[in-house]
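Novice: Just to be clear, the model below is a prediction. Sequence and coordinates:
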Amino acid sequence: MAAAAYPSIKLFTGTSHPELAQLVAKRLGIPIAKANVSQPPSGETKVTIVESVRDYDVYILNTGAGAVNTSLMELCIMIHACKIASARRITAIIPHFFYARQDKKDKSRAPITAKLVANMLRQSGCDHVITMDLHASQIQGFFDVPVDNLYAEPSMIHYIRNNLDVSNCVIVSPDAGGAKRATSIADRLNVDFALFHKERKRANEVSRMVLVGSVKGKVAILVDDMADTCGTLGLAARNLLDAGALKVYAFTTHGILGGPALKVIEESGLEKLVITNTLPQAEKAAQCAKLEVVDISPVLAETIRRSHFGESVSYLFHEVPFGNGI
């Protein structure tokens, strides 16, 4: 659509993922609004909004990538700058939510940092949040403003139907916590489901995995919300092949891929690890032949369009917005 169709939208981006912002802007047919974001030698974040936002519907995209704390401060400062510049409404687009795994008090004196982040965004002047595949859905309850938690599931299902033989697939959850996500995908594809019960000795290190369900003679598809060090995915792939799976694929929304992740993927029994671009992936995809990246900018662009015009976004929970006139 032409930019004239959105005369009162401004889309800004921080420094964490400008490539995704450009894809969203191209999809909408609008330019990225001008803002200068810099890190002076003092270590403070400096933001200047170059163009007027008075009475505009402002969208600011920054994600939990790289220097996460810097990205979070950039977002809060940009929201505040637009708020005191009289923007009509300010929406924070956070594809990978900051500190999403610190969502509960799981031990004595542990902070609930995701709640702190929600408070920071609200106090900055945020009126609406758009995010994707929250690690825990209850994070939405930390906000006193509307939160649209989008899902990568429709994009994953679209990829599976177009690239794999669905009739011989089985969906596998790498842990009990992801069972709901995996069963939802299995039901929509009308295929079988299995899961692993895993025991950890310490964080990010799995000591034992027990498969519940059958994968013999089938293509196993592991699904999860994020891939960090990939130790779980590598161990799960090996166990699935030992259990008789023909091939193993993995689908995750957020490809954090920290530490030895790329080496683990290359040396694992995975055919492919399919991730989305909620985080910048170009450099990592170039280093690892088993990585494949699915673009979620059409989903974000359509969410912006629907949000701006007051339309429901629930359609996007089940369908990929292809051929919709954007």
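Specialist: Yes, it's here. All figures in this text were calculated on a predicted structure; none of them were measured in a lab.

Novice: where exactly do the strands run in the protein?
Specialist: In the chain, the segments counted as strands under DSSP state E are 9-13, 35-38, 46-49, 57-61, 89-94, 128-132, 147-150, 169-173, 192-202, 205-212, 219-227, 247-255, 272-276, 291-294.

Novice: Can you lay out those strands as TSV showing mean neighbour count, mean pLDDT and distance to residue 27?
Specialist: For every residue, glycine as well, the C-beta is placed using N, CA and C. Listed next are the strands of the chain as TSV, based on neighbours: other Cβ atoms under 10 Å; pLDDT from 0 to 100; distance: least, Cβ to Cβ, whole Å:
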stretch	mean neighbour count	mean pLDDT	distance to residue 27
strand 9-13	24	97	10
strand 35-38	15	96	20
strand 46-49	16	97	23
strand 57-61	26	98	12
strand 89-94	25	98	13
strand 128-132	21	98	14
strand 147-150	20	97	15
strand 169-173	25	97	29
strand 192-202	15	80	34
strand 205-212	14	76	38
strand 219-227	24	96	24
strand 247-255	25	97	19
strand 272-276	24	97	15
strand 291-294	18	96	15
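
Novice: okay, those strands in a markdown table with distance to residue 234 next?
Specialist: Output for the strands of the chain, formatted as a markdown table (distance: least, Cβ to Cβ, whole Å):
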| stretch | distance to residue 234 |
| --- | --- |
| strand 9-13 | 34 |
| strand 35-38 | 37 |
| strand 46-49 | 40 |
| strand 57-61 | 32 |
| strand 89-94 | 28 |
| strand 128-132 | 24 |
| strand 147-150 | 28 |
| strand 169-173 | 14 |
| strand 192-202 | 13 |
| strand 205-212 | 9 |
| strand 219-227 | 10 |
| strand 247-255 | 9 |
| strand 272-276 | 10 |
| strand 291-294 | 14 |
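
Novice: Which one of these lies nearest to residue 117?
Specialist: strand 89-94 (9.1 Å; Cβ to Cβ).

Novice: Using PDB, list the CA coordinates for that closest one.
Specialist: Extracted in PDB, the C-alpha atoms of strand 89-94 (Å, rounded to 0.1, in the frame of the first residue of the first chain):
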ATOM      1  CA  ARG A  89      -0.500   6.900  20.800                       C
ATOM      2  CA  ILE A  90       2.700   5.100  21.300                       C
ATOM      3  CA  THR A  91       3.100   1.300  20.600                       C
ATOM      4  CA  ALA A  92       6.200  -0.600  21.500                       C
ATOM      5  CA  ILE A  93       6.900  -3.500  19.100                       C
ATOM      6  CA  ILE A  94       9.100  -6.000  20.900                       C
END
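
Novice: Contacts for it, please.
Specialist: For strand 89-94, the surrounding residues in contact (Cβ atoms under 8 Å, 6 or more residues apart in numbering) are 24, 57-64, 75, 79, 82-83, 121, 125-131, 300, 304, 307.

Novice: Appreciated, that's everything.
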